[in-house]
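K.L.:
got a predicted model here, sequence first, then my questions.
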2 protein chains.
Amino acid sequence: MVRPIIFGEVAGIDEGHEFLDRKEMMPSSFHRNWGAGIDGNAKNGTAAIVLSGGYEDDEDNGDEIIYTGAGGNDPNTGRQIEDQSWDNRGNAGLLTSMDQGLPVRVSRGYKHKSDYSPKSGYTYAGLYSVVDAWEEIGKSGFKICRFRLDYCGDNYERKSPENIELKYGKTETKRKKGTVLRIVRDTQISGDIKKLYEYKCQVCSTAIKTKTGFYAEGAHIKPLGKPHNGDDSTDNILCLCPNHHVMFDRGSFCIEDDGSFIGAVTGKLISHPKHMINLDNVKYHRKSHGYR
Amino acid sequence: MVRPIIFGEVAGIDEGHEFLDRKEMMPSSFHRNWGAGIDGNAKNGTAAIVLSGGYEDDEDNGDEIIYTGAGGNDPNTGRQIEDQSWDNRGNAGLLTSMDQGLPVRVSRGYKHKSDYSPKSGYTYAGLYSVVDAWEEIGKSGFKICRFRLDYCGDNYERKSPENIELKYGKTETKRKKGTVLRIVRDTQISGDIKKLYEYKCQVCSTAIKTKTGFYAEGAHIKPLGKPHNGDDSTDNILCLCPNHHVMFDRGSFCIEDDGSFIGAVTGKLISHPKHMINLDNVKYHRKSHGYR
């Protein structure tokens, strides 16, 4: 029997729902795989993941989860024994979910080490957005695919990670507003960079016309926030149009040390003599998207 | 003496700060105008506004404010006596702040009617983002310029509007993360529309390339959420690239009933025979951006 892939909430299974075991998740298509932690594929996206302690590099801060992709680990010990790959169907599915803004159902198992794990069985933690993806060398010394997932459900009673208290099974379901596909943050310094380039994209020279002038976005080369912790500094910001900002953040193209592009864009970065760019960060961006 | 315009937090003035009168806001450049409610202009943007009961159409839900622009009212009675204009420097400044993601300091005065107004003087309510701008006919029968401002400060202790409790003067200032320039929400239905168009923009046919496929955004013709309350329905969604999505949301261009563009874009909307578009919503979008 082929079960359909379902994105978003599954009828009758509210946030906080408790499952005795993984098998219970299957009939409703909540999570269709018994063994694998990721339910999804490159074409459709990933609809659900289970945190079950299988990967040593996972970090769980409640509403923000740093998740290690699938593959490369010893099924018996859980240890990484080889590199992970973006071609793995679960990992590719998480990239697709990020690009298409599809929500991912997250569940925690009793073996997963965190303050939010149930003592037995599995608990549904709610809908999360995949907001970032990169690769790095894990504790084991092998390449791992990493994802940041942020809670995006409609349970407004959930507070900051520090004082979160999941009301198991009693959650009131609010009106759906849709998931967050993309948040663009503007910083003090990006305003100056945008003015320097007169809002023209450093890739295509387009300046987006608005009623009062022009629009551009400040793109951080080494991303702000955990786990990248890039700086909000002049040498870490590019002035890009929204289209090239999306492509840059998703690693569709990267920048070589001499400014030329690699990946889905050809040509060279337009650069103002006053604007120095941090080459360590350009290298970090390349590496985190799989270029050397 | 010409005081500089300052965007974002002003040193020494925390959220909840109480001013005895408007004059006290001036030396620090917190709000440089004694009379006008808006401190800003088209070139630089608007840095601060004061809600002081001058406009009958204002709506204040705490973290979300529907604000009426400047102009057209009788200074003595506060009543609208003529149309407002986007050319007014304060209104144009609020558009610039929206386009450039500049934060706006919001203060409430004792004459402003809301649950959040102080009994005397003026209270600083924190930083807000201008997230939407449109025009409509006000209670008076005259055209008014309207803005939606959402709280974007770093006070994580602020909760949903229903149970907000401002801690006057005791707010802990957290690390700045920058203001939100743009949030793109993805909905269940926009996914189908994007697939129908194979992620190609209905304006320029561009499909943004990512590592796993393509990226596009579902643009709501009549916006979701208050005060527009557009539907998340197939006939209210366009498949656009991020660049044209920004321009469409900001009214840089609109769509005529026959699909041709008006404004900063020429040509005609690419439309799939299966995709019916709601002409009432197209008209609503035109009207809210000043086209007839």
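P.N.:
All right, it came through fine. Numbering: from 1, shown residues only, chains lettered A, B, ... in the order given.

K.L.:
what sits against A:G72?
P.N.:
Contacts for A:G72 (CB atoms under 8 Å, 6 or more residues apart in numbering or on different chains) come out as A:Q80, A:I81, A:E82, A:D83, A:Q84, A:S85, A:F142, A:K143, A:I144. The C-beta positions use only the backbone N, C-alpha and C, and glycine is treated the same way.

K.L.:
show me which of the residues you listed is closest to chain B.
P.N.:
A:S85 (12.3 Å; CB to the nearest CB).

K.L.:
quick check, the worst-scoring helix or strand of chain A on mean pLDDT touching chain B?
P.N.:
Using mean pLDDT, DSSP states H and E, strand A:179-186 stands out as the lowest-scoring helix or strand of chain A, at a mean of 80. Yes. Legend: contact between strand A:179-186 and chain B by CB under 8 Å from any CB of the partner chain is shown at A:T179, A:V180, A:L181, A:R182, A:I183, A:V184, A:R185, A:D186.

K.L.:
now for those residues, which pair is the farthest apart?
P.N.:
The span of those, defined through CB to CB, is set by A:T179 and A:D186 at 21.7 Å.

K.L.:
more neighbours, the two?
P.N.:
With neighbours defined as other CB atoms under 10 Å in any protein chain shown, A:T179 and A:D186 compare such that A:T179 has more, 25 against 21.

K.L.:
pLDDT value on the residue lying closest to the more buried one once chain neighbours are set aside, please?
P.N.:
The shortest distance from A:T179 to any non-neighbouring residue, by CB to CB, 6 or more residues apart in numbering or on different chains, is to A:P103 (4.5 Å). In this model, A:P103 is scored at 91, pLDDT.

K.L.:
quick one: contacts for A:P103?
P.N.:
By CB under 8 Å, 6+ apart, the neighbours of A:P103 are A:F7, A:G8, A:S97, A:L127, A:Y128, A:S129, A:C152, A:G153, A:T179.

K.L.:
what of A:F214?
P.N.:
By CB under 8 Å, 6+ apart, the residues touching A:F214 are A:E198, A:Y199, A:A207, A:I208, B:D99.

K.L.:
how about the stretch 151-292 of chain A: which residue is closest to chain B?
P.N.:
Taking CB to the nearest CB, chain B has its nearest neighbour within the stretch 151-292 of chain A at A:D186, 3.0 Å off.

K.L.:
name the SS class of A:S129, please.
P.N.:
Using DSSP: H, G, I helix; E, B strand; the rest coil, the structure places A:S129 in strand.

K.L.:
same question for A:S114.
P.N.:
coil.

K.L.:
ok, which stretches of the stretch 51-200 of chain A are helices?
P.N.:
Listed in chain order, the helices of the stretch 51-200 of chain A (DSSP state H, counting those that start in this stretch) span A:89-100, A:188-196.

K.L.:
strand A:179-186 and the last one, what's the angle between them?
P.N.:
Yep, that's helix A:188-196 we're talking about. Angle, helix A:188-196 to strand A:179-186, by axes from the mean of the first three to the mean of the last three CA atoms, to 10 degrees: 70 degrees.

K.L.:
wait, A:D74 sits on A:Y55?
P.N.:
No. A:D74 is beyond contact range of A:Y55, at 11.4 Å (criterion: CB atoms under 8 Å).

K.L.:
give me the common contacts of those two.
P.N.:
A:Q80.

K.L.:
more neighbours: those two, which one.
P.N.:
Using other CB under 10 Å as the criterion, A:D74 and A:Y55 rank with A:Y55 on top: 23 against 10.

K.L.:
residues contacting the nearest residue to the more buried one once chain neighbours are set aside?
P.N.:
Residue nearest to A:Y55 in three dimensions, not counting chain neighbours: A:T68, with 4.0 Å by CB to CB, 6+ apart. For A:T68, the contact set (CB under 8 Å, 6+ apart) comprises A:Y55, A:D57, A:D58, A:Q84, A:G138, A:I144, A:C145, A:R146, A:F147.

K.L.:
now swap in A:F142 and tell me
P.N.:
A:F142 makes contact with A:G72, A:Q80, A:I81, A:E82, A:D83, A:Q84, according to CB under 8 Å, 6+ apart.

K.L.:
neighbours of the residue nearest to the second one when sequence neighbours are not counted, how many?
P.N.:
Spatial nearest neighbour of A:Q80, chain neighbours left out: A:S140 (3.6 Å); criterion: CB to CB, 6+ apart. Other residues lying near A:S140 total 17 when counted by other CB under 10 Å.
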